[in-house]
Structure formats: C-alpha cells, structure tokens
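**Student:** Sequence and predicted model, in that order:
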There are 2 protein chains.
Amino acid sequence: MFRTFGETDVAEREFDARRARAGIPEATVARLPLYHRVLVGLADDGVSTVSSDALAATAGVSPAKLRKDLSFLGSYGTRGVGYDVRHLLTEIGLELGITLEWPVVVVGVGHLGHALANYGGFTSRGFRLAALVDSDPSRHGEVVSGVKVRPAADLAELVRDEQVVIGVIATPSEAAQEVADALVAAGVRSILNFAPVVLSVPSEVEVRKVDLASELQILAFHEQRKSAPHLIPPAVGGVGS
Amino acid sequence: MFRTFGETDVAEREFDARRARAGIPEATVARLPLYHRVLVGLADDGVSTVSSDALAATAGVSPAKLRKDLSFLGSYGTRGVGYDVRHLLTEIGLELGITLEWPVVVVGVGHLGHALANYGGFTSRGFRLAALVDSDPSRHGEVVSGVKVRPAADLAELVRDEQVVIGVIATPSEAAQEVADALVAAGVRSILNFAPVVLSVPSEVEVRKVDLASELQILAFHEQRKSAPHLIPPAVGGVGS
DNA sequence: AAGTGTGAATTGATTCACAGCC
DNA sequence: GGCTGTGAATCAATTCACACTT
C-alpha cells in the first residue's frame, strides 16, 4: 500500500476495484438478493434515500451487518445522509448480474415445475425461462407460462441453442442424478436442485439445493427444544428402556 | 460449578447430557437432516456399519466436519470400526424429533401448495399434513393428497384442533404477511415461508425462508465471476454514462 | 491397522465502537 | 448532529492432526 508516485493511481484503483469485487464473502453474496428486493420495494414506494438503520430493519438484518455487506461493494453511501436507493439498486444489480438475462432450463414439469415456471420473480430478476423439459411424453407440447414442454432428449440441443448456463431440477428424487448428469453433459455449470438427494457433479459445476424436508426438520428441532427440553428421552447408554 | 464431592457424578452426567443436547451449533443442526436422509438410504441398502469417511463422502461433506457434527450428539461411533447405521439413525432421529409427528398446515394451494402437499418426504419424515388452507373459495372442498382444502377463516380452528405448531406459507407475496399474522394469532410458532418477502413476526416465532430467486441470483453471481470477471463494467464514479 | 473423538489452530462471519465526512 | 465506512474484537464454523480405542 505504498502511494509514492501519482501515476500508480490508475493501477491502484483498478486493483482495488477488482479486489473489492473478487473478495465478497459468501455470506454477503447470499444477502445481496435480499437487499436488492427490499430496495426495489423502496424505489416503487418512491423512496429516494435510505439509512442503513432503516434498510436493515426492512431487510431484517442488523445495521452493522448491512453496512459491512455494502462496504464490500464499494462506498456507495453518503455519510450523514444514507444511501441513494436507485444508485445502490444499480450497483447491487450489477454485482448480481441482473442487467444480463440468464437463460434457465427447468427440468421436471410437475406441480413444482409449474410453480417455478409461473413464478413471477423468475422473469423479473434477470432470468428467462428458456426451456421446460420433462421425460413424460404426455406432457410434451403442453405450454406452461408461454414455454412449450420438450422431451428430455432435446436437453442438449436446448441448452446449446439457448445458451443456458443454469439448470433447475424439479423432478422426483429418482431422476435427479440422471438429470444432473445430462445437464452437465449439455454444458450447464450451475444447478439448483429441489430433489432431496446429494448430487455428484464435477467440481467446476456449482450446485445449490433447496430441501423442504430439511427446513421443516430444522424448525422441528428448535420447536422441540423450545417446548420441552426436559421431556427428551435421555437415550444415553444404560438409562431407560 | 464446584466439583468437590463424589456424589456430584450423577448430576454431572445429567448436566453433560443436557449441555451436549442444548449446545448443538446451528450449522450442525442444519446438516442433521442430510445425515439422516443419507443414513436411511444406507439402511435401506442393508449397510449396517459405516465409517466417517464413507458417510461424509455420501453426504458430500468433509470427514472432519461430519465427525465433529456427530460428536455434538454424543459418542455413538466405535473407534477402529465406524458408526452403526441403525443406532446413529435412531439418535439423529431423536435429536430431530422425528419420532414425533409434527402436524403442519400449508397455506396456499396453488402449484406450490400442491407440490408441497404431494411431497413424499413430507409425511415420511416426522410430519403430517394436518390441514390445507386457501383463500380462494373455488378451491374449498378440493381434496389434495387426502386433505380437504379449507377456507382461510378456519385457520385458527384448524390449528387448535390439530395442534399445529408449524405453518408453511405458499401464497403469493401480497398475502404472505397477512397469513403470517393469522398463523401467529392462531398459535403457530414456526413458519416456513416460500414467499419472497421479509415477514415481521414476534421474536418468539421462528421463520425460515426458501427463496427461489435468491438462490438463482447467488448462482448467477458465481457464474458471472467464473465466466468473465474482466467484462464487468467498472461502474465506479465518473466512468461511463 | 483402522477410524473415532476432540483439543488446538485456522478461517470466516458478526458485532462493536468510533474516526471521518456531510 | 447524523450516518457511513471500517479497523479491531468477538464469536462461530471449519479444518488439522493426533491421542486413544477397538
């Protein structure tokens, strides 16, 4: 961090910018979509400036955490004033790649697939439902949310033609690994998996999972602690039974 | 915390057991459902003993993490051998309260509500679909997964009669806060929220959320970094526009 | 020899608290 | 006076590495 010559200014700024962008902690990245959503709401309400306290309260996080998070993106606030809603929105949007339109393929057009296809936030947040795929021939040709359901065999072609990089697995568990393999083979590098199975994919492919049963079980665990910690059978060797 | 007399042994063991159970880190709790699911699979395959390495590989976590996680529950493994699948399954099940049957109410019977109601893991993992509620009169009386859809006005009564403590919000965003208020008023203390809004609830109510758009945006963020970090417009004051 | 259980070390996330700027 | 930005401190999670048990 030696700042000796004026000419290093540009190189330094470039370096700083890259570092700032490269080094965003995972926990922060995971909250950016939340901030983005809340800011969209504020903008819609005509709010033009917001303090970290107010924004944090609306997003349900602590003000310190919010400020720290935003500081990783850059210094987009004004001391004594707050953040410009529109500006911050733009910056977070850039960071999340919302300016682009990511084509997404959804595999599995059961109830969940329908729910996903019809999900409004889907199209309004930088994603485009590029293709719907299902292995059940009776569904082929059906149009959901303006997109025709295609056979699984067409997956590779669809991914190529639409330049899909994100795939969503909304099939039954049994089919999930097979679908993941097909997605990877087709060139998809990010997968959102709704099936309750552990997928095995090459390390360069990123998988995120949404698991209803796990979420419920986590709630149940806490519920159990809250309601009657002393009622839990000890289950330690020797006692009971 | 004085340990002066031999007679404190029993009290100490009790204390240790409670402490072990009370002090399970959140990150560990969040993985227990995963371990449970993987173990069920192993048990179904007739596997009776498993090492931390094998179990970790199947669950997609590091062996050290797995062992540390399990150590919070107690010492249920055998050195030089591994873990008894059935025993470990029982212990994790107890910890998660899977031995009980938690009645759950799902509010909102659109595609997502249908998907949830028909989700197999739901009933097979310690939960019971106790009630389905929707505000749309045209859906009332419809039977989904063996449960009749009831009007929103019946919520309080259903929660009381079925002793529901967990509620799932599968409504459009606009209705989510209203539904949350109704659930809380009815006595529900744990909520799983699929609507992309920040719910405000009393502090004693636990909310977990599942947000499709956020998950996709997190994937998109990483995708953007992977593919072309240098193509990101700087967007730092002065440049462009 | 194999493999768990766990202190110690490390890495990451959150919170504190206040200097700096408007 | 108000509010951001951020080092420093704290707290939590993960990984290391090895003593201990079978």
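**Tutor:** Ah, there it is. Numbering: from 1, shown residues only, chains lettered A, B, ... in the order given.
**Student:** Would you mark the buried spots in the longest helix seen in chain A?
**Tutor:** Secondary structure of chain A per DSSP state H: the longest helix is helix A:26-44. With burial defined by 16 or more other CB atoms under 10 Å in any protein chain shown, the residues of helix A:26-44 counted as buried are A:28-40, A:42. For every residue, glycine as well, the C-beta is placed using N, CA and C.
**Student:** Considering the residues you listed, which is situated nearest to residue A:87?
**Tutor:** residue A:39 (9.9 Å; CB to CB).
**Student:** Surely that closest one and residue A:92 touch.
**Tutor:** Yes: here residue A:39 reaches residue A:92: they are 6.9 Å apart, a contact under CB atoms under 8 Å.
**Student:** so which of the buried residues of helix A:26-44 comes closest to DNA strand C?
**Tutor:** residue A:28 (6.4 Å; CB to the nearest atom of the strand).
**Student:** Strands along chain A, start to end?
**Tutor:** Using DSSP state E, the strands found in chain A span residues A:49-50, A:77-78, A:82-84, A:102-107, A:127-134, A:143-144, A:147-151, A:166-169, A:190-193, A:206-209.
**Student:** Check which helices and strands the first one sits against.
**Tutor:** Contact analysis of strand A:49-50 by 3 or more CB pairs under 8 Å, 6 or more residues apart in numbering or on different chains; DSSP states H and E lists strand A:82-84 as its packing neighbours.
**Student:** just the last one next, same as before
**Tutor:** Other helices and strands packing on strand A:206-209, by 3+ CB pairs under 8 Å, 6+ apart, are strand A:190-193, helix B:212-227.
**Student:** near chain A at all, the last one?
**Tutor:** Yes: with CB under 8 Å from any CB of the partner chain as the threshold, helix B:212-227 lies in contact with chain A, specifically through B:212-227.
**Student:** For DNA strand D, state which of these is nearest.
**Tutor:** The closest of the residues of helix B:212-227 next to chain A, once distances to DNA strand D are taken by CB to the nearest atom of the strand, is residue B:218, at 16.1 Å.
**Student:** Would the longest helix of chain A count as contacting DNA strand D?
**Tutor:** No: legend: contact between helix A:26-44 and DNA strand D by CB under 7 Å from any atom of the strand is lacking; minimum distance shown is 9.9 Å.
**Student:** contacting residues around residue A:34?
**Tutor:** For residue A:34, the contact set (CB atoms under 8 Å, 6 or more residues apart in numbering or on different chains) comprises A:59, A:61, B:198, B:211, B:214.
**Student:** In JSON lines: those, plus distance to residue A:117, pLDDT and neighbour count.
**Tutor:** Shown next, in JSON lines, are the contacts of residue A:34 (distance: CB to CB, whole Å; pLDDT from 0 to 100; neighbours: other CB atoms under 10 Å in any protein chain shown):
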{"residue": "A:59", "distance to residue A:117": "28", "pLDDT": "98", "neighbour count": "20"}
{"residue": "A:61", "distance to residue A:117": "31", "pLDDT": "98", "neighbour count": "18"}
{"residue": "B:198", "distance to residue A:117": "25", "pLDDT": "98", "neighbour count": "19"}
{"residue": "B:211", "distance to residue A:117": "17", "pLDDT": "95", "neighbour count": "19"}
{"residue": "B:214", "distance to residue A:117": "18", "pLDDT": "97", "neighbour count": "22"}
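**Student:** Nothing else from me, thank you.
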